[in-house]
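K.L.:
quick check, what structure comes out for this input:
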Amino acid sequence: MTDDDSPISPGSSTERGSAAAARARELQQRRLDLNSGKPCTPETAQSAQKRAENAYDRAARAHLAAALGHQHASMAHLRAAEVHERAIAQGFGDADEHKVAAAEHRRAAVENDIAGAISQREATADFMARRAATASQRILSTQRAPRSKQAPPQRVPEQHVSDQQVSGQHVSGQQDMSDC
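P.N.:
Below you'll find the predicted structure:
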């Protein structure tokens, strides 16, 4: 599994920096093309859509990595708080200092839990935005799809019905049902 495929690892900072610089160059070139009058083609629109989807994926992976980091930090703070509480129970050091330190670690753990939940929510929003963008692209592409060259439906000539046919005579080979 590569960094781009992993839901957690967003790649090294060097890789991300290189990718961002390449994307900035591409955007600058596209801006120049548009300013010079170069039209938007289905290919450039499709490429832009794919890049937007990739951006949502990268953002979601970064948010998931942040959520995981906050979870690890929270667990480390809880372990540190437990160490301070064990030190109190075993009579090591100043009990008041250990109580303060344990409380600070528990507070930091809660803050990390909150930050992790926010990062998780942002990752979910990124995934949902990507799904919405993909769905709208799919809808737009089906609307733009060329229609098949089918023959137009044949027009059936109108049949004129006489008053005699309506008043009970045979119509289109059916028997008179007025007696039923």
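K.L.:
only C-alpha atoms from now on, for both contacts and neighbour counts.
P.N.:
OK.
K.L.:
need the pLDDT of the residue nearest the centre of the chain.
P.N.:
Central residue of the chain (CA atoms, centre = their mean): residue 130, 2.3 Å from the mean position. Listed pLDDT for residue 130 reads 83.
K.L.:
elements contacting the helix or strand harbouring it?
P.N.:
In the assignment (DSSP states H and E), residue 130 maps to helix 95-144. Under the contact criterion of 3 or more CA pairs under 8 Å, 6 or more residues apart in numbering; DSSP states H and E, helix 95-144 touches helix 42-89.
K.L.:
neighbours of the closest residue to residue 88 other than its chain neighbours, just the number please.
P.N.:
Leaving aside its chain neighbours, residue 88 sits nearest to residue 95 (5.2 Å; criterion: CA to CA, 6 or more residues apart in numbering). Residue 95: 16 surrounding residues under other CA atoms under 10 Å.
K.L.:
roughly how far does residue 95 sit from residue 110?
P.N.:
For residue 95, the distance to residue 110 equals 23 Å [CA to CA, to the nearest Å].
K.L.:
do residue 88 as well
P.N.:
For residue 88, the distance to residue 110 equals 22 Å [CA to CA].
K.L.:
swap in residue 44?
P.N.:
Distance from residue 44 to residue 110, by CA to CA: 46 Å.
K.L.:
next: residue 131.
P.N.:
From residue 131 over to residue 110 (counting by CA to CA), the distance is 32 Å.
K.L.:
between the two, which is the more surrounded one?
P.N.:
residue 110 (18 against 14).
K.L.:
quick one: low-confidence parts of the protein?
P.N.:
Applying pLDDT under 70 to the chain flags residues 1-11, 140-141, 143-180.
K.L.:
would you check how far apart the nearest residue to residue 60 once chain neighbours are set aside and residue 69 are?
P.N.:
Using CA to CA, 6+ apart and skipping the chain neighbours, the partner closest in space to residue 60 is residue 123 (4.2 Å). Between residue 123 and residue 69 the distance, using CA to CA, works out to 14 Å.
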